[in-house]
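Enquirer: Sequence isn't available, so here's the structure alone:
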């Protein structure tokens, strides 16, 4: 498997299946782990980072779940390749800005990815489509067990797993769910919901993680506290909060359908019409219009396409993806034209299987 | 023939044929004529208006070109019917606001219409698609001759034909051409062009005549002077001026196509996509989007529909037309929904004949 094989490969998390997939794009858990007696990456010397890299590679190679995975040194990647992995949610933007002594590992279905020498020695991510933190945790737990057989992780009886940033210390676990909340946004209820969540020590981020704005009505909600509770308690807590948000979005959708159906249909169909007809389109406008079309599918107003296609288009229309598809560097103006071409091609050609 | 037969009848002027029909919607000439020894309508008594009505009817009935025409007393019309005739350019808005002692006469193909007891006793209009003032004048001249055999019109050797407003005195002729000038608008050259025309004593009005704003990039250009020259001189003068405007629009279009083709295609296709998908749409937005689609046809970017369909949609989507089609009064909100329904129906069903 090569990195470029991912271009035409639909990551599992994009399939649009799983529980509550009309609202939940994906569920993921990230675990922070470090090797003992080696400084955290921001303080480590070159040779210490290399020790981590080699140790991580050895552990990955002996872990059954990672048998077919791709292990890539960031020094082997072009800028566009790194951005491509960021767009696929397989690597953080911070990790992408560096190269020496850093690596990333990922499975072909994109369920597992590991950043090596990011903020911690290992940042393990498990991501699946739909609302299924239990299964994600089951996979993560197995991975953690298997990896730690080869590299015993730094652990203190008093503090739990040790991490570069104290907010991750303890379980080192962060669970997050990517939610599509267009009805709460349209009904102007989203701020109230997010403020309530913040009081429960949850953070909300945009489509591309820390520091990004919500776009396309996508909100990534995650726990902030990882200390003083078991992993199962933390996950149970996240599930409870997310369930409430899902219920509120459901009821906002029902309200729109019963009270403002014409307005809703109008916005959805106009968005679909624009995506199928534009010749120049920005990334931002694309995300907003796709969001409306996804809502159209999810409330059964649009019936001739499927969710995975729209999910895929969110990713394929991103800048690095467009450049990987074209096989060359494109200016922002060129991308806006190629993006429109790709959208028309995919949306007009698609025939839903009956 | 009944008034309602017009609903599904495409007026000749909407066919989108004739010279320069890629830019010229229609050419028309209006003639002001009055009976001698009877005050102009604004000063006439009831019984005097009745004399005019009867005399006009008699003259119309004996005129071969008006053989199949419809003669309608405004007292027999509902408000929506009058508005319907205004939308079809067969009656002025001023005439539509009155009833007693007023009438309108029109031929089934809408080439000829006559308002009786508007500002003058007779306001005769001949209108045809494309840029063809010569043929319009030929028809008008014949009509004028034939009508005046039955009702000799008020005429002074010194002033020419006498009219209620001195600006019409002389020939009583006003020629106007409805031009579609989207490229001059997009290139921001339209004001310069219209200012130059104003200096030549031409006036510019919108889609619905005096006092209306230009919408959908349609501009109705007409002569102001009708005194001191022959009809042929006046028409020759109008033709010369309009020809220049047509040339400027043509060159603005060529410039857009060569310099900004992507932007142009984007605007045109997005407009088409919105018209084919919206569920709620205002009259104003409809006119603007149809203008872009008409340009798309005229510069060969859109190829799957024909000009007469777009011309027809400009008219069918007007408020009174929508209500006549539905056969009942509709609120503005209801109209916005019905308008969107009609646009989708017509545009998605249409199959161009090869």
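Expert: That came in fine, so what should we check first? Model, not experiment: these values are computed from the prediction. Numbers count the residues shown, from 1 in each chain, chains lettered A, B, ... in the order given.
Enquirer: and the next element down the chain from the lengthiest helix in chain A?
Expert: Criterion DSSP state H: the longest helix present in chain A is helix A:231-259. Under the assignment DSSP states H and E, the closest C-terminal helix or strand after helix A:231-259 is helix A:261-275.
Enquirer: tell me what that next one is packed against?
Expert: Counting by 3 or more C-beta pairs under 8 Å, 6 or more residues apart in numbering or on different chains; DSSP states H and E, the packing neighbours recorded for helix A:261-275 are helix A:231-259, helix A:283-298, helix A:332-349, helix B:261-277. (Each C-beta comes from the backbone N, C-alpha and C, glycine too.)
Enquirer: Could you tell me how many residues sit around whatever residue of the stretch 51-200 of chain A ends up closest to chain B?
Expert: Relative to chain B, the nearest point of the stretch 51-200 of chain A is residue A:186 (14.7 Å; C-beta to the nearest C-beta). Burial of residue A:186 is recorded as 20 neighbouring residues (other C-beta atoms under 10 Å in any protein chain shown).
Enquirer: which residues does it contact?
Expert: A:252, A:256, A:264 (C-beta atoms under 8 Å, 6 or more residues apart in numbering or on different chains).
Enquirer: Now do the same for the most centrally placed residue in chain A: its pLDDT.
Expert: With distances taken as C-alpha atoms, centre = their mean, the residue of chain A nearest its centroid is residue A:89 (4.2 Å). Listed pLDDT for residue A:89 reads 93.
Enquirer: what does chain A have sitting close to chain B?
Expert: A:262-263, A:265-266, A:269-270, A:272-274, A:276-281, A:337, A:340 (C-beta under 8 Å from any C-beta of the partner chain).
Enquirer: Among these, name the buried ones.
Expert: A:265-266, A:269-270, A:272-274, A:276-281, A:337, A:340 (16 or more other C-beta atoms under 10 Å in any protein chain shown).
Enquirer: tell me which element residue A:179 is part of?
Expert: Per DSSP H and E: strand A:173-180 holds residue A:179.
Enquirer: That strand packs against which elements?
Expert: Counting contacts by 3+ C-beta pairs under 8 Å, 6+ apart, strand A:173-180 is packed against strand A:24-33, helix A:133-150, strand A:218-223, helix A:231-259, helix A:283-298.
Enquirer: mind checking how far the first one is from the chain centre?
Expert: By that I understand strand A:24-33. 8 Å (C-alpha atoms, centre = their mean, to the nearest Å).
Enquirer: rewinding a little: as a markdown table, the helices and strands packed on strand A:173-180 with mean pLDDT would be great.
Expert: Putting those into a markdown table (pLDDT from 0 to 100) gives the following:
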| stretch | mean pLDDT |
| --- | --- |
| strand A:24-33 | 95 |
| helix A:133-150 | 96 |
| strand A:218-223 | 93 |
| helix A:231-259 | 96 |
| helix A:283-298 | 96 |
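Enquirer: What ranges does the stretch 1-150 of chain A have for its helices?
Expert: A:46-61, A:79-87, A:93-96, A:133-150 (DSSP state H, counting those that start in this stretch).
Enquirer: Buried deepest among the ones you listed, which one?
Expert: helix A:79-87 (a mean of 20; mean count of other C-beta atoms under 10 Å in any protein chain shown).
Enquirer: these two touch, right, the residue nearest to the centre of chain A and residue A:12?
Expert: No - checked against C-beta atoms under 8 Å, the pair residue A:89 and residue A:12 is beyond contact range at 11.7 Å.
Enquirer: Residue A:24 pairs with what?
Expert: Beta-bridge partners recorded for residue A:24 (DSSP bridges): residue A:179.
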